[in-house]
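> here you go, sequence then predicted model.
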Amino acid sequence: MRIRAAAAAALASASVLSVGWLVGVPAVESLRSTLTTTLSSSASAEATTTTASGPGTSSAATTTPETTAPAAEAPAATEVTGTFDGSAVQTRFGPMQVSVTIDNGTITEVTPLQLTNDDQKSVMISNRAAPILRDEVLSAQSASVANVSGATYTTQGYLQSLQAALDAAQF
Amino acid sequence: MRHSSSVVSGVCAGHPAITVESMGTVISIRIGAAAGNAGSPHDEAPRAAARQAVADVFRGWNDRFSLYREGSELSRVNRGELRLTQAGSELRDCYALALAWRDRTDGVFTPHRADGAIDLSGIVKSLAIAHAGEALHGLGLRDWSLNAGGDILVAGDQTPGLDWAAAIVDPLDRSARLASVPLRAPLRAVATSGSAERGEHIWTTVDGALSPFRQVTVFGRDIVTADVLATAIIAGGRPALHRSTETFPIEVLAVLRDGSLLATPGLRADSA
């Protein structure tokens, strides 16, 4: 329990740093408040619990505690080792969840676990551009295409462009 | 996909696009065939009014911001004849917007030339497109597409129930298309940056290395965002690409120097 509380506290700081780096300055403030609130409340809730962790709790920890640190306070994360999954938190960018690897109290890695959003209108951390084959790219019916996007053409270049051909077509 | 063959065939009895020359390129205007448009697209009067409105907007922006015109307001500011604080609010607002985008792109997009002069050409064309769209809206037109030199903004439908779509040029073969993408709400704008239409204009990244990208196309909610980020990704390389897709609601199709592609999930065929 102490370890999970400590990990949650570590997550609160580490994930804010990490996510802030990922999504940029404008997003940091809202994320900071959301994550800090969620994680510190979960930390304090768990610190008062005396039963062992079980399935269904918000933080799943796969951990190898090196010691049993005496302090019950969340900040006592100094000698913890393990990988901790934070709970998924709702942000205005969609649900977010991170995993933190702690080695002897030092955070060595923060990995995004769930940073997706079913609503494609929202900003998505998972919206990475990935390699794609040419025949895998979205294609509407060519008959409906009236415009071409490419590197800016000059007035002269326009005459040889696909756009000029489309513009002359009567549709 | 909302396409149907009957709708597509119904498109064919229309007009050629309306074209206007400005800013060194050609602006193509199409008016959708929806019943809600003022007048019918087959009437000449609304077509002429649309052409005039777009031409006026582009001329206004060009007069104020062109560095090719010695008498433009921006040229006067750069020569020191006019203080920035005395310049018109349009110029100052435009400069402020460009500076905001410089900050949002970590300085990759910049409104300053190497010699220190203010150069707003990276943002003026897309602002002109946005304002031209507002002008068309003011004419009562709800369904239109604007394409200024390859940067596209659309509103409404091409025909009732049929989205406007944009083909993306293949930079390895400019007569071929890489993709044809419906411009569905909310991503109604698309801009592409890359090597110039003619001649090998080599883009370098901010640190002086060759850009890993031959061409970058950005789909966005507004044309300024799409245009600025396409430029920033070309100039900023992969870090700028990932940062942009993580931060902004956009889709990106990037062509690497070897011709291979990178795409965000929304541009995959199976995502439609």
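Arrived safely, thanks for sending. Predicted model only: the values in this text are computed from it and were never measured.
> so which residues of chain B form helices?
B:5-10, B:44-65, B:73-78, B:89-104, B:121-138, B:223-247 (DSSP state H).
> low-confidence ranges in the chain?
Reading this off chain A. Along chain A, the parts satisfying pLDDT under 70 run over A:1-78, A:87, A:89-97, A:109-125, A:141-143, A:171.
> oops, wrong one, chain B.
Looking at chain B by pLDDT under 70, you get B:1-14, B:35-42, B:195-206, B:271-272.
> recalculate using a threshold of 90.
B:1-16, B:24, B:33-46, B:113-115, B:121-122, B:159-162, B:172-177, B:194-211, B:269-272 (pLDDT under 90).
> let me know the outermost residue of it.
B:E81 (31.4 Å; Cα atoms, centre = their mean).
> measure it to chain A for me?
Computed as Cβ to the nearest Cβ, to the nearest Å, the B:E81 to chain A distance reads 30 Å. From N, CA and C alone the C-beta is placed, and that goes for glycine too.
> picking up where we left off before, which of the helices of chain B sits most buried?
Across those, averaging neighbours per residue (mean count of other Cβ atoms under 10 Å in any protein chain shown) puts helix B:223-247 on top, at a mean of 25.
> so which elements touch it?
helix A:2-23, helix B:89-104, helix B:121-138, strand B:151-155, strand B:189-194, strand B:213-220, strand B:251-256 (3 or more Cβ pairs under 8 Å, 6 or more residues apart in numbering or on different chains; DSSP states H and E).
> B:A132 and B:A53 touch, don't they?
Yes - contact criterion Cβ atoms under 8 Å: B:A132 and B:A53 qualify, at 7.0 Å.
> can you report phi and psi for the residue of chain A found nearest chain B?
Going by Cβ to the nearest Cβ, chain B is nearest to A:G150 of chain A, at 3.1 Å. Backbone geometry at A:G150, expressed as degrees, to the nearest 10, gives phi -160, psi -180.
> mind listing what it touches?
A:S161, A:L162, B:G150, B:I168, B:V169, B:P171, B:R174, B:T192, B:G194, B:E197, B:Q215 (Cβ atoms under 8 Å, 6 or more residues apart in numbering or on different chains).
> out of those, who's the most crowded?
B:G150 (31 neighbours; other Cβ atoms under 10 Å in any protein chain shown).
> you'd agree it is up against A:Q163?
Yes - using Cβ under 8 Å, B:G150 is in contact with A:Q163, at 7.4 Å.
> so what sits against both of these two?
Common neighbours of B:G150 and A:Q163 (Cβ under 8 Å, 6+ apart) are A:V148, A:Y153.
> nearest spatial neighbour of the residue of chain A closest to chain B, skipping sequence neighbours?
B:V169 (3.1 Å; Cβ to Cβ, 6 or more residues apart in numbering or on different chains).
> over to B:A176?
B:A176 sits nearest to B:D170 (Cβ to Cβ, 6+ apart), 4.2 Å away.
> and if you look at B:V154?
B:W164 is the one closest to B:V154 (Cβ to Cβ, 6+ apart), at 3.9 Å.
> how close does that neighbour get to B:V26?
With distances taken as Cβ to Cβ, to the nearest Å, B:W164 is found 18 Å from B:V26.
> so who does the closest residue to chain A within chain B touch?
When distances are taken as Cβ to the nearest Cβ, chain B reaches nearest to chain A at B:V169, 3.1 Å away. The contact partners of B:V169, taken as Cβ under 8 Å, 6+ apart, are A:V148, A:S149, A:G150, A:A151, A:L162, B:G150, B:A176, B:R177, B:L178, B:T192, B:Q215.
> ok so, going back, hmm, B:A179 and the residue nearest to B:A176 touching each other?
No - using Cβ under 8 Å, B:D170 is not in contact with B:A179; the gap is 9.1 Å.
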